[in-house]
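Visitor: Sequence and computational prediction follow.
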Amino acid sequence: MSSRTRAFLLHLSASGSIGLASLVLVFFIWYPAPLQKAVGVTEIFLIVLAVDVILGPCLTWTVARPGKKRHLLILDLSVIISVQCAALIYGLSTVAEGRPSWLVFNTDRVDLVRAFEVDTRHLEKASPEYRRVPLGRPQWVFAAAPTDTETLNDLTTESSMGGPDLFHRPEFYRPLTDPEFLPMLREMAIPLEKLKEFNTQEAVAAQLARYPEADVWLPLMCNVQPMVVLLRKEEGKILGIVDLNPWP
């Protein structure tokens, strides 16, 4: 095997290993299925990853010409690897900023809040567990509307003008064990039969077969494709998110 081929294969195997680790991080931790489709990250990240993983080894093949002086080859490879790492870090940081962080029960729906959408202005008022954006998988919470009129009016005015809404603000987050959560869920949850108005019977049956305990649902609001959260009404148990339409 020539030194050129060996350099190419070594670079390709290293790039492939790093690319595989990035795929696991993005699609199994930050964007667990089907949230990658709901947020629309798949195509963008795969393009970034493919260019980064393939272009680096190809450039190594180009510069590793037979007879090239060693110090020049090392310099070229250093530049290629540095640019490749910088591009991957930039791509991952961009994807990290847009990752789903909180899945917020908000009256009659669930809102998906991405990391960069979290309103951090009043974190000191939030419970300690909500002052930091989760580093791993998105977490489920319940948003309790403020009870005092002044705060509620300020919130309503700000959100109506395009500012952060209730579900963006961690100071209003509560755990799903909060006594207000279950009565609200039981009142607002929608019967499964309603799903057949917006989806084919085959699609509904296929998804419900995965979650036989489900008896109600709520819409999941996302920036690209809304989906459905399946629940068990009596306990307020979250069963899963499925790729069904919550409205026509």
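Guide: Happy to help now that I have it. As the structure is a computational prediction, the values presented were derived from the model and not from experiment.
Visitor: only C-alpha atoms for contact and neighbour calcs from this point on.
Guide: Fine.
Visitor: Tell me the first helix or strand C-terminal of the strand or helix carrying residue 206.
Guide: Assigned by DSSP states H and E, residue 206 falls within helix 201-208. Later in the chain than helix 201-208, the nearest helix or strand by DSSP H and E is strand 216-221.
Visitor: Tell me the strands beside that following strand, with direction?
Guide: Sheet partners assigned to strand 216-221 using DSSP bridges are listed as strand 109-114 (parallel), strand 190-191 (antiparallel), strand 227-232 (antiparallel).
Visitor: What's the end-to-end length of stretch 56-71?
Guide: Using CA to CA, to the nearest Å, the end-to-end distance of stretch 56-71 comes to 19 Å.
Visitor: starting at the chain centroid, how far to it?
Guide: For stretch 56-71, the separation from the chain centroid amounts to 39 Å (computed by CA atoms, centre = their mean, to the nearest Å).
Visitor: Give me the buried positions along it.
Guide: 56, 57, 59, 60, 61, 63, 64 (16 or more other CA atoms under 10 Å).
Visitor: Show me which of those residues is closest to residue 96.
Guide: residue 56 (22.6 Å; CA to CA).
Visitor: mean confidence score for the host helix or strand of that closest one?
Guide: Per DSSP H and E, residue 56 falls inside helix 42-63. What helix 42-63 shows for mean pLDDT is 89.
Visitor: Ok, stretch 88-100 next?
Guide: On average, stretch 88-100 scores 94.
Visitor: hmm, who's touching it?
Guide: 22, 26, 30-31, 35, 41, 45, 48-49, 52, 112-116, 137-138 (CA atoms under 8 Å, 6 or more residues apart in numbering).
Visitor: again, but for stretch 52-61
Guide: 4-5, 7-9, 11-12, 15-16, 19, 77, 80-81, 84, 87-88.
Visitor: which of those are buried?
Guide: Of the contacts of stretch 52-61, these count as buried by 16+ other CA under 10 Å: 7-9, 11-12, 15-16, 19, 77, 80-81, 84, 87-88.
Visitor: Skip the chain neighbours and tell me the closest residue to residue 185.
Guide: With sequence-adjacent residues excluded and distances taken as CA to CA, 6 or more residues apart in numbering, residue 185 is closest to residue 236, at 6.7 Å.
Visitor: Could you give the number of residues near that neighbour?
Guide: Residue 236 has 18 neighbouring residues, counting by other CA atoms under 10 Å.
Visitor: quick one: the helices in the protein?
Guide: 3-24, 35-39, 42-63, 70-97, 149-160, 181-188, 201-208 (DSSP state H).
Visitor: so which of the ones you listed gets nearest residue 220?
Guide: helix 35-39 (9.1 Å).
Visitor: avg pLDDT for the closest one?
Guide: Rounded mean pLDDT across helix 35-39 is 96.
Visitor: quick one: it to chain centroid distance?
Guide: 7 Å.
Visitor: go on, stretch 118-131?
Guide: 20 Å.
Visitor: From residue 229, how far off is residue 223?
Guide: When residue 223 is compared with residue 229 (using CA to CA), they lie 16 Å apart.
Visitor: Who has more neighbours out of the two?
Guide: Using other CA under 10 Å, the more surrounded residue of residue 223 and residue 229 is residue 229, with 22 against 12.
Visitor: List the beta-bridge partners for that one.
Guide: residue 218, residue 241.
Visitor: Isn't it up against residue 243?
Guide: No. Residue 229 is not in contact with residue 243 according to CA atoms under 8 Å; the separation is 9.1 Å.
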